[in-house]
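Trainee: Sequence and predicted structure below; questions after.
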Amino acid sequence: RASAMAVTAALLTAPAAAEDGYRLWLRSDAPAEGPIAISRLGDTPTLRLAEAELRRDLPAAANLPVVVALASDPAVSALRLPVAELGNEGYLVRPSSIGGRQVLLITGNTDRGVLYGAFALIRHVASGGQVANATLRSAPKVKLRVLNHWDNLDGTVERGYSGESLWDWWKLPDYRDPRYTDYARANASIGVNGTVLNNVNAKADSLTAPYIAKAAALADVFRPWGIRVYLSARFSAPIEIGGLKTADPRDPAVAAWWKAKADEIYRAIPDFGGFLVKANSEGQPGPRDYGASHADGANMLAAAVKPHGGIVMWRAFVYADTDPEDRAKQAYTEFKPLDGKFADNVLVQVKNGAIDFQPREPFHPLFGAMPKTPLMMEFQITKEYLGQATHLAYLGPLFTEVLEAKTGRGQETVASVVDGESENHQLTGMAGVANIGDDRDWTGGTFNQANWYAFGRLAWDPSLDSAAIAREWAQQTFGTDPRVIGPVVDMMMRSREAVVDYTGPFGLAHLMATGHHYGPGPWVSELQRPEWNPVYYHRADRQGIGFDRTRTGSNAVAQYAPAVAKLYASPRTTPESELLWFHHLPWDYRLKSGETLWDGMVRRYDRGVATVAAMRREWDGLRALVDTERWEKTAAFLAIQEREARWWRDASLSYWQSVNGLPLPAGAAPPE
Ligand code: GCU
């Protein structure tokens, strides 16, 4: 009996729950040194959450009492703090004297700002900072920080690798799964303030009354966490659920239908964010079906939500099977002439590169080319082309590489376009295609959580450093032990380049297998649409490899500002990491290292495999320092990744050899 009790006690105290991935980076709910005194001035649901978060997550590290309060509270305004610059969502955390007491004050102009301040303090302490001297101040540089869920109404997730959709449409709106709150809390902790619930390949059903009620229930859960709900809208919905004969945006009956639909949504969700639209792309309906432009379509929807303060995020991811132009050029060709034609509550949402979320793409030429239009960045957090659930690929460096890119217009960077600084746009946004599903650890694997985290942090401030983000994520996720953090951050920072190396170095892209996009397929040539075939992108033949996008080829380089176009015009001035994206070069082209292109390629493929092997060894060394559950899952994933890195390398090299007839250079690892 006694031993049975001991076993039960052991089970109850077993660290499994504390160790599993469910709690993401918000793990420190056991104060080490007793509770800190926390008080709150004012009362709103969001302020209450801020207080509760501090009680739950702040490991007691100092005996300085913490006070959460709005800046407008008399006790705070008496301090005359510089709060104007915090805007609507910024926060200030600093030691202050309130009512004659020394406290740590967390304040902001809105309760959302205060909540973000609470999370900033929790992050500060969980990554090794002190409470007593904490002085933190930040305001988001980007207004709309939005997750795009590619979730279908049947519960599947397009390009989702972490289970089914979180949204249980069957039980909504009546049953609100507590997990929705956990989801909102995690997002609020990194500053995400919007979520598009359904797939861009949208079904019109999502705009019917039953689904509006379901979305409204989710919006109610998310609201106190500062998160607004958006919906993907199917352009032909007026026909499919409205009984109209057309969805022509210039038809007054169509505009009236959307206006009534928007009014209906806003009656249920007063703070509804607006619509995301994929139109005339990959078979989706759109204004082009009626000879109208993307601006006509976007503006009609924008007019419907405008009276309610809503916005439209109109995607620029378009390419047509009827268009013989280089696919990489089509979005620019279509959208650039529309600059200045969009209503003021429209953002054009542009993928980071001109093809499709490849492991490496040069920045999309639309950034910098549409100064009169707010351009929203679209990153893909779910790793469709980077090993999906299992391969470790920390995307922070992919995101920042694009954000830091110079557009060629003076000192302008992609980040300064996105955050509005460049053209003084107030309406700004960043979208991330979510990697979240109903898997217990949300994202299908521990390290995938870092990509969700990094997206949120960079949407808040696109100038953050990806290594610093990796470090703070790792500290919150695994604890601050430097023996763990050093190797973890090192693995993360090498990981994306390793994927580039073993899937397609030197700017090669779109070499994946058909349909599921998992694994290699550079030989695929038989798909119906030419631009779906990998051979369209690499153009390898006996003489050479790469896509000539200079004047002698598709001239896509001319879509960049002259300063950048000039660099890309010559292989000598093109960064070698993007070489074959822009140039078709002979296999014996001399790289800066002096080796031939072919030898350099082989070395990169080998390096990619070697890096994954090294990452595995680093992780092996952490066995005793990381909880079993997360250690074992990651170890198993790294074994998969190493095997599949070899698969990518060997399959790709064999194929290139079948084309170029060249031997592997001396010293290359033999294929298995
Ligand atoms: C990719 C992806 C599709 C998705 C599309 C998009 O092509 O494979 O599943 O629908 O991007 O972004 O619209």
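Mentor: Happy to help now that I have it.
Trainee: Give me the neighbour count for the residue nearest to Ser466 when sequence neighbours are not counted.
Mentor: Leaving aside its sequence neighbours, Ser466 sits nearest to Gly396 (Cβ to Cβ, 6 or more residues apart in numbering; 3.1 Å). C-beta here means a position set from N, CA and C on the backbone, and glycine is covered the same way. Neighbourhood size, Gly396 [other Cβ atoms under 10 Å]: 26.
Trainee: Let me see the contact set for Gly396.
Mentor: Applying Cβ atoms under 8 Å, 6 or more residues apart in numbering, we find Gly396 in contact with Ala450, Asn451, Ala454, Leu458, Ser466, Ala467, Ile469, Ala470, Met492.
Trainee: Of these, which is the nearest to the ligand?
Mentor: The ligand has its nearest neighbour among the contacts of Gly396 in Asn451, at 16.8 Å by Cβ to the nearest ligand atom.
Trainee: Okay, the residue nearest the centre of the chain and the ligand: tell me how far apart.
Mentor: With distances taken as Cα atoms, centre = their mean, the residue of the chain nearest its centroid is Gly432 (3.1 Å). Computed as Cβ to the nearest ligand atom, to the nearest Å, the Gly432 to the ligand distance reads 12 Å.
Trainee: With just CA atoms, put the helix or strand harbouring that residue into CSV.
Mentor: Taking DSSP states H and E as the criterion, Gly432 maps to strand 429-433. Output of strand 429-433 as CSV, limited to C-alpha atoms (Å, rounded to 0.1, in the frame of the first residue of the first chain):
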residue,chain,number,x,y,z
GLY,A,429,1.7,44.6,-41.6
MET,A,430,3.5,41.3,-41.5
ALA,A,431,1.9,37.9,-42.0
GLY,A,432,3.2,34.5,-41.2
VAL,A,433,1.7,31.3,-42.5
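Trainee: For the following helix or strand past it, which helices and strands make contact with it?
Mentor: Counting by DSSP H and E, the next helix or strand C-terminal to strand 429-433 is helix 446-460. With contacts defined as 3 or more Cβ pairs under 8 Å, 6 or more residues apart in numbering; DSSP states H and E, helix 446-460 has these neighbours: strand 144-148, helix 178-189, helix 396-404, strand 429-433, helix 466-478, helix 482-503, helix 628-660.
Trainee: Which one, of those, ends up nearest to Ala233?
Mentor: strand 144-148 (13.0 Å; Cβ to Cβ).
Trainee: Centre of the chain to the closest one, how far?
Mentor: 8 Å (Cα atoms, centre = their mean, to the nearest Å).
Trainee: Contacts made by that strand with the rest, please.
Mentor: Contacts for strand 144-148 (Cβ under 8 Å, 6+ apart): 187, 191-196, 200, 230, 232, 273, 276, 311, 313, 347, 376, 378, 381, 427-434, 436, 455-456, 459-460.
Trainee: hmm, try it at 7 Å
Mentor: Contacts with strand 144-148, where a contact means Cβ atoms under 7 Å, 6 or more residues apart in numbering, come from 187, 191-196, 200, 230, 276, 428-434, 456, 459-460.
Trainee: and what of stretch 611-621?
Mentor: 392, 487, 490-491, 494-495, 498, 501, 634-635, 638-639, 641-642, 645.
Trainee: for the helices and strands packed on helix 446-460, which one sits closest to Ser206?
Mentor: Closest of those to Ser206 is strand 144-148, at 13.7 Å (criterion: Cβ to Cβ).
Trainee: host element of Val125?
Mentor: In the assignment (DSSP H and E), Val125 maps to helix 111-126.
Trainee: name the helices or strands packed onto that helix?
Mentor: helix 45-57, strand 66-70, strand 91-98, strand 101-108, strand 136-138, helix 178-189, helix 466-478 (3 or more Cβ pairs under 7 Å, 6 or more residues apart in numbering; DSSP states H and E).
Trainee: Quick check: buried residues in that helix?
Mentor: By neighbour count on 16 or more other Cβ atoms under 10 Å, the buried set for helix 111-126 is 111-126.
Trainee: same check, this time on stretch 290-303
Mentor: In stretch 290-303, counting by 16+ other Cβ under 10 Å, buried: 290, 292-303.
Trainee: avg pLDDT for that stretch?
Mentor: Averaged over stretch 290-303, pLDDT sits at 98.
Trainee: quick one: contacts of it?
Mentor: 233, 235, 246, 248-250, 255, 258, 275, 277, 279, 286-287, 312, 314, 334-335, 338, 341-343, 345-346.
Trainee: Mind checking which of those residues land in strands?
Mentor: Using DSSP state E to define strands, the subset of the contacts of stretch 290-303 located there is Phe275, Val277, Val312, Trp314, Val346.
Trainee: Report the contact partners of the second one.
Mentor: Contact partners of Val277, counting by Cβ under 7 Å, 6+ apart, are Ala233, Phe235, Leu301, Val312, Trp314, Arg315.
Trainee: where does this structure have low pLDDT?
Mentor: 1-19, 28-35, 59-63, 672 (pLDDT under 70).
Trainee: hmm, 90 instead?
Mentor: For the chain, residues meeting the criterion pLDDT under 90 lie at 1-20, 27-37, 55-64, 99, 126-133, 319-324, 528-529, 666-672.
Trainee: for the ligand, what are the nearby residues on it?
Mentor: Within the chain, the positions near the ligand by Cβ under 6 Å from any ligand atom are Glu158, Arg159, Val200, Asn201, Lys278, Glu282, Phe317, Asp356, Glu384.
Trainee: Identify the residue nearest the fifth one in space, chain neighbours excluded?
Mentor: Using Cβ to Cβ, 6+ apart and skipping residues adjacent in sequence, the residue nearest Lys278 is Val200, 3.9 Å away.
Trainee: Please apply the same query to the second one.
Mentor: The shortest distance from Arg159 to any residue that is not its chain neighbour, by Cβ to Cβ, 6+ apart, is 4.6 Å, and that residue is Glu384.
Trainee: Over to the first one?
Mentor: Leaving aside its sequence neighbours, Glu158 sits nearest to Trp150 (Cβ to Cβ, 6+ apart; 4.0 Å).
Trainee: Quick check: the one you found touching Ser165?
Mentor: No: look at Trp150 against Ser165 with Cβ atoms under 7 Å: they stay out of range, at 9.3 Å.
Trainee: Can I have the buried ones of the ones in strands among the contacts of stretch 290-303 as a ChimeraX selection?
Mentor: Buried members of the ones in strands among the contacts of stretch 290-303, defined by 16+ other Cβ under 10 Å, are picked up in ChimeraX with:
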select :275,277,312,314,346
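Trainee: any idea which of the ones in strands among the contacts of stretch 290-303 is closest to the ligand?
Mentor: Nearest member of those to the ligand, counting by Cβ to the nearest ligand atom, is Val277, at 10.9 Å.
Trainee: So what sits opposite that closest one in the bridge?
Mentor: Trp314 (DSSP bridges).
Trainee: State the number of residues packed around the residue nearest to Ala126 when sequence neighbours are not counted.
Mentor: Once flanking residues are discounted, Ala126 sits nearest to Gln476: 4.5 Å by Cβ to Cβ, 6+ apart. As a burial measure, Gln476 scores 23 neighbours (other Cβ under 10 Å).
Trainee: can you check Gly128 too?
Mentor: If you count neighbours by other Cβ under 10 Å, Gly128 ends up with 14.
Trainee: got the contact list for it?
Mentor: Shown in contact with Gly128 (Cβ under 7 Å, 6+ apart): Gln475, Thr480.
Trainee: Asn109 too?
Mentor: Counting by Cβ under 7 Å, 6+ apart, Asn109 has contacts Ala71, Val83, Leu86, Gly87, Asn88.
Trainee: out of these, who's nearest Tyr605?
Mentor: Gly87 (47.8 Å).
Trainee: Could you find the closest non-adjacent residue to that closest one?
Mentor: Ala139 (4.9 Å).
Trainee: ok, now Ser127?
Mentor: Gln475 (4.1 Å).
Trainee: Pretty sure that neighbour sits against Ala126.
Mentor: Yes: using Cβ under 7 Å, Gln475 makes contact with Ala126 at a distance of 6.3 Å.
Trainee: Can you report how many residues lie near Leu41?
Mentor: By other Cβ under 10 Å, the residues close to Leu41 number 18.
Trainee: Just list whatever residues bridge to it.
Mentor: Counting by DSSP bridges, Leu41 is bridged to Ala69.
Trainee: Before I go, just wanted to say thanks for your time.
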